[in-house]
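Chemist: have a look; sequence and predicted model below, questions after that.
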Amino acid sequence: MSSPIKVLGTVRSIKRFSTEVYRVDFTVPSRATRFRPGQFLHLALDPFDPTGGFWPESRVFSIASQPQEDHVTIVYSVKGRFTHRMERELAVGAEFWLKLPYGDFTVSSSFLNEGPVVLIAGGTGVSPFIPFLQGGWESGKVALYYGVVQPEHFLFREHYAQWLNYPEFKLHLFSEAPTPPEPLLRNGRLSLDVICDEMGLEASRSHYFLSGPPVMIDSFRKGLSARGLPLHQIHSDEWE
């Protein structure tokens, strides 16, 4: 695994998904793209002196782009003081310091040798799964269960058709707000009972990756453990 490095990133683009959810692409040196799908970075808004200054206040964000590209992508929701600053200060062409990569929450095709991979995402928690899904895999079953509050909060819709080109990939979308009928989309919250029922006999040998609000992660992790699933088959994105 690559050791974390500090690099200056230039904001290449900003996309607004809704009133409070944004995607940001940073152009970075090539050495900063040596990460594994699922890892995260630190973003600092205040200046940093690379000759020996203290690292300023920062926040962590999952990397939502593929390794070995010329940029890194994050998605954030405006919820606190730091993210409100991001909304005000991030602008195309501006430079900010990034520190990456970090994290052991990595999604790899190697897990498919043991059974299906089940990706469970809430809100912006879909971000760490994007590099894996975009990169594709040679064989094995992969299912993405993705829930949001409003249908406009679904991120990376432009990639859905690409993922569905894999015969053994299944996409399940959940919106808490009532929505008009749409293929693959259901009304209601993500449900572990539904997921396990749909995985059927393969539920017990699947690897589950959980990413989203802490309450969701805790609930699903406890639910999987209560069903007798071994700890090594439950992977949580908790930025530790």
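Modeler: Cool, the structure landed. Owing to the predicted nature of the structure, the values given are computational and were not obtained by experimental measurement.
Chemist: got the CA coordinates for the longest helix anywhere in the chain in CSV?
Modeler: Longest helix in the chain by number of residues (criterion: DSSP state H): helix 214-226. Included here for helix 214-226 are C-alpha records, laid out as CSV according to Å, rounded to 0.1, in the frame of the first residue of the first chain:
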residue,chain,number,x,y,z
PRO,A,214,-22.7,6.1,11.2
VAL,A,215,-26.2,5.1,12.5
MET,A,216,-26.8,3.0,9.3
ILE,A,217,-23.4,1.3,9.5
ASP,A,218,-23.9,0.4,13.1
SER,A,219,-27.4,-1.0,12.6
PHE,A,220,-26.4,-3.1,9.6
ARG,A,221,-23.2,-4.4,11.2
LYS,A,222,-25.1,-5.5,14.3
GLY,A,223,-27.8,-7.0,12.1
LEU,A,224,-25.3,-9.0,10.1
SER,A,225,-23.6,-10.2,13.2
ALA,A,226,-26.9,-11.2,14.7
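Chemist: residues making contact with whichever helix or strand comes after it?
Modeler: Following helix 214-226 in sequence order, the next helix or strand is strand 234-236 (DSSP states H and E). Strand 234-236 is contacted by residues Phe105, Val107, His207, Tyr208, Phe209, Leu210, Ser211, Ile217, Arg221, Leu224, Ser225 when judged by Cβ atoms under 8 Å, 6 or more residues apart in numbering. Backbone N, C-alpha and C define where each C-beta goes, glycine included.
Chemist: mark which of those residues are buried, thanks.
Modeler: Buried subset of the contacts of strand 234-236 (neighbour count, 16 or more other Cβ atoms under 10 Å): Phe105, Val107, His207, Tyr208, Phe209, Leu210, Ser211, Ile217, Arg221, Leu224.
Chemist: now do the worst-scoring helix or strand of the chain on mean pLDDT: which elements does it pack against?
Modeler: One helix or strand of the chain scores below all others by mean pLDDT, DSSP states H and E: helix 160-163, with a mean of 88. When contacts are defined as 3 or more Cβ pairs under 8 Å, 6 or more residues apart in numbering; DSSP states H and E, helix 160-163 packs onto strand 169-175.
Chemist: partners of the strand it packs on, with directions?
Modeler: strand 142-148 (parallel), strand 185-187 (parallel) (DSSP bridges).
Chemist: just give me how far that strand sits from the chain centre.
Modeler: 15 Å (Cα atoms, centre = their mean, to the nearest Å).
Chemist: how about stretch 25-37?
Modeler: Using Cα atoms, centre = their mean, the offset of stretch 25-37 from its chain centre is 16 Å.
Chemist: what's the average pLDDT for that stretch?
Modeler: Average pLDDT, stretch 25-37: 95.
Chemist: so for Arg186, what's the nearest residue that isn't a sequence neighbour?
Modeler: For Arg186, ignoring the flanking residues on the chain, the nearest one in space by Cβ to Cβ, 6 or more residues apart in numbering is Phe174 at 5.4 Å.
Chemist: may I ask you to confirm that the one you found is in contact with Tyr146?
Modeler: Yes. With contact defined as Cβ atoms under 8 Å, Phe174 reaches Tyr146; the gap is 7.0 Å.
Chemist: ranges for the strands of the protein?
Modeler: Using DSSP state E, the strands of the chain run over 5-16, 21-27, 40-44, 58-62, 71-77, 95-102, 117-122, 142-148, 169-175, 185-187, 207-211, 234-236.
Chemist: for the ones you listed, which has the smallest mean pLDDT value?
Modeler: strand 185-187 (a mean of 91).
Chemist: contacting residues around it?
Modeler: Strand 185-187 has contacts (Cβ under 8 Å, 6+ apart) with Pro151, His172, Leu173, Phe174, Ser175, Glu176, Ala177, Pro178, Thr179.
Chemist: so what's the fifth one up against?
Modeler: Just to be clear, that refers to Ser175. Ser175 touches Gly147, Val148, Val149, Gln150, Pro151, Phe154, Leu185, Arg186, Asn187, Gly188, counting by Cβ under 8 Å, 6+ apart.
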